[in-house]
Each structure stands twice: as C-alpha cells, then as structure tokens.
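Student: okay, structure incoming, though there's no sequence with it:
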C-alpha cells in the first residue's frame, strides 16, 4: 500500500494505523508517487492526499488513470477538503473512495480492507480469464487449421470430379466451412470485450484514429466532435468508431460524406454518425445489430453494441431510408466529461497540522556487526520507500551515536522523521564509509 502526503505527521498517523496489516510504502510528493506506482512492485492501493505542492492529488490521480500501467490501481483520497464538490471531483477522476482526515480508525481500516480484498479478487478473476482465453485461443487455432485443410481438399475434389452436377454441393459445403471460420473469429474478438477496465477516452481522438485506419476511398469524413471531451468506455470503443466508418463506406452506395458530431438530449449526451448514402430500410434498423446479419460476417455492429454496453452506452440507427444512415450513441450522465470540467479542481491553502512527535529515545548497546547489518537493512528499506521500523532506526541511531557522534544520528533521525528518504540514504552512505560498513 502506498501512502502519499507531503506532511510527515499525516503519513505517520496513517501508517501507524495500517502497518500491522499491510506493507507500507511512502511518498511525500506526487512525482515520487508516480515513480513508485510505475516501478517493478506497484502498490495494491494508494492513499492520496490532495493538497500538495508542485503536483496536487487530483493531478496525480489524473495521470495514474491515464497510464495503462497504473489505471487499475485503486485510489482513495485522504484529505481535509470536505465539500461535496471536492468529493465529486475526486470520484469523477476515478478514485474509489474519499476519506476525510477527521476519520474514525475503524472506518478507515474497513474501507481499506474492502478495496484491498476487491483488488485481490479482481486479480484472481483476471488470472482465471487469462487461462481460459489461452485455452480458447489454442482451440480456435487448431479448429481453423483443420477448416483450412478441409476447404483445400474440397477445392481439389471439385476440380478433379468430372460430374459438374455436384458443384452446387461442393459450394454449399465450402460456404458452411467459411461461416464456421467466421464464427470462430467472432469468439476471438468477443472475448476481448471487458477484459481491460473502462477508462476516460477522448472522443475526437478516437474518431481521428478510426478515420486514419478505415479504407475511405473518395469518401470525406468530417470530425465535428468537441475537442477535449471524454467518455467512460471499454478500451475497445475505437472499434465502434471504425465499424461505423467502415460500414458507411462499404454499404453506403452513393455516399460521399460521413459526419460525426455531438448533441445534448435531456440529461444525456449523444454522439451522432450520419452520412449521405443509401441509408437503412426500416425493417432492418434493429436487425443490423444482430450477429450474423449483413452482407459480410455481420459481426461489426453486434460487437459494437456489446462494447458500448459495458459502461451503459447505447446505440441505435435513426436515419431516413434513401437519405443516409444515422447512428446515435447515447452516453449516460456520469460517463461524459467536457473539456475543462476537471481542470478547475480547488487548491486551497494548506491545512493546520500537528507537530510530528519525536521517536522515543532508545539508548541501547549495539555491536559493530549489529550496527553494520542494521545500516544495510535501513538503506534498503529507504531505497524501496518502505515505512521504517522504529526498532531498526533505534539500532542504527544508537550505533551512530557511539561511532560518529550525536550530530550525525540527529541529522539522520530528522530526515527519516520527515520522510526525506533520498537525503537519508545519501547521509547513510557517507556514514557507512566512515564506520567501515561493507
């Protein structure tokens, strides 16, 4: 678990509350928190302060959720900012919970425990899905190989058999084999839906990406979607935009232009894709979303509806036959984020904080071997940003008192108490040289 706060007293109080049950990592700045989260051993949970210099907690959370490597790490904001709009801002950025600093210890433990258990359950489910997907992938590969062999032999038989009256049957068998192959491809694409957590995605960027990949020919695409606007959707949503463009070009007939734009309808927002092609006849407006319908494999729009449904987004066709197709993607309130909505996060003055109590005096006798071992262990813990064990620190301080003097031990204690771990490591390395630690 990673605790992020620029005030040592807050780290100290939270870590003492939780270190008996969890392995604690420490960061006193947003930049350090991001370094730890993207490191080799990312935390299972982040307790994040909001009011910090240089990079506040909102920005840290925003960057965590924008990074594929860290977007699944749950974040709980721990702050004195108790206004409703502050909590709403934090949750909208992707935080799973919001704890006020005038907290009850039992409530904090319960909320942390719930998120840790949920994270572990999700990881177990992810591993199970990974194994199932591997099994189905191998099975699909083997079946497709056999279908390829079958279609090859059918083609050879059709060419060698003298009686052409059987050609119709050969063609039917070949068509059936191709349909089986298409169904298998569908299972491969379908199993990818919902595998990765939904995320906020820029709709204008999604549209630009789809337009670059689609075979447009002479068809023009006008992207009038508002810049900076994001929707909360499955990462595969780019396939939805691609499918709409690809279908319009394939089946639009006289089509020359495709346009994407957005509008508001009651409490929802709607993304519209319309073209000037042949359109969709009335009796097929719902049929086109069913698997197997269409001139090709009939999988594109069926998959698109499933991808959107992951986060409650719906799609339907509302165009007028003969005047062009019109697809409306309705995004529910809470899954739509306008540019600038999260840029106005409050950054009030710092809160009143208590003075960090000093570590208890521990005048103990430490041998050279014990002191050397303790220094090596402490350096390792500090480099890993781990919460320092009081007994370990007391051993090191006592050893330094007798070997280098109280000035050095007092300086080290101050750095550790203030969680200035990098500076503490540098000082320890110098002191280790003086004391002959290897």
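Tutor: Structure received. Keep in mind the model is a prediction, meaning the values are calculated, not measured.
Student: poorly predicted segments of this structure, please.
Tutor: 102, 128-138, 141, 162, 179, 182-196, 292-299, 339-364, 438 (pLDDT under 70).
Student: so this protein: which segments form each domain?
Tutor: As assigned by automatic domain parsing, the chain contains the domains 2-103, 121-190, 199-337, 368-435.
Student: tell me which of those domains approaches residue 115 most closely.
Tutor: domain 2-103 (4.9 Å; CB to CB). All C-beta atoms are positioned from the backbone trio N, CA, C, and that covers glycine.
Student: for residue 114, find the nearest of the domains of the chain.
Tutor: domain 2-103 (8.3 Å).
Student: distance between the ends of the closest one?
Tutor: Domain 2-103 has an end-to-end distance of 18 Å (CA to CA, to the nearest Å).
Student: distance from it to the middle of the chain?
Tutor: On the basis of CA atoms, centre = their mean, to the nearest Å, domain 2-103 sits 16 Å off its chain's mean C-alpha point.
Student: measure residue 225 to residue 365 for me?
Tutor: Separation of residue 225 from residue 365 (CB to CB, to the nearest Å): 72 Å.
Student: looking at those two, which is more packed in?
Tutor: residue 225 (21 against 8; other CB atoms under 10 Å).
Student: got a list of what the residue lying closest to residue 255 once chain neighbours are set aside touches?
Tutor: Nearest residue to residue 255, sequence neighbours excluded (CB to CB, 6 or more residues apart in numbering): residue 277, at 3.2 Å. By CB atoms under 8 Å, 6 or more residues apart in numbering, residue 277 lies in contact with 248, 251-255, 324-325.
Student: can you show me the strands along the stretch 1-150 of the chain?
Tutor: If DSSP state E, counting those that start in this stretch is used as the criterion, the strands of the stretch 1-150 of the chain fall at 2-4, 25-27, 46-48, 75-79, 97-100.
Student: could you export those as a markdown table, including mean neighbour count and distance to residue 271?
Tutor: Listed next are those as a markdown table, based on neighbours: other CB atoms under 10 Å; distance: least, CB to CB, whole Å:
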| stretch | mean neighbour count | distance to residue 271 |
| --- | --- | --- |
| strand 2-4 | 27 | 36 |
| strand 25-27 | 25 | 38 |
| strand 46-48 | 27 | 32 |
| strand 75-79 | 23 | 28 |
| strand 97-100 | 18 | 30 |
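Student: and the ones you listed as JSON lines, adding distance to residue 305?
Tutor: Formatted as JSON lines, the strands of the stretch 1-150 of the chain follow (distance: least, CB to CB, whole Å):
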{"stretch": "strand 2-4", "distance to residue 305": "39"}
{"stretch": "strand 25-27", "distance to residue 305": "42"}
{"stretch": "strand 46-48", "distance to residue 305": "35"}
{"stretch": "strand 75-79", "distance to residue 305": "31"}
{"stretch": "strand 97-100", "distance to residue 305": "32"}
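Student: which of these sits closest to residue 300?
Tutor: Comparing those by CB to CB, strand 75-79 comes nearest, at 35.6 Å.
Student: out of everything not next to it in sequence, what's closest to the spatially most central residue of the chain?
Tutor: The chain has residue 71 as the residue nearest its centroid, 2.8 Å off, counting by CA atoms, centre = their mean. Nearest residue to residue 71, sequence neighbours excluded (CB to CB, 6+ apart): residue 65, at 5.0 Å.
Student: residues contacting the one you found?
Tutor: 71, 93-94, 199-200.
Student: roughly how far apart are it and residue 334?
Tutor: Distance, residue 65 to residue 334, by CB to CB: 15 Å.
Student: give the buried residues for stretch 8-15.
Tutor: 8, 10-15 (16 or more other CB atoms under 10 Å).
Student: now stretch 218-233
Tutor: 219, 221, 223, 225, 229-233.
Student: again with stretch 151-162
Tutor: 154, 158.
Student: residue 315 should be in a helix, yeah?
Tutor: No: counting by DSSP: H, G, I helix; E, B strand; the rest coil, residue 315 is not part of a helix but strand.
Student: neighbours of it, how many?
Tutor: Residues near residue 315, counting by other CB under 10 Å: 19.
Student: need the contact list for it.
Tutor: 240, 289, 301, 304-305, 308, 327-330.
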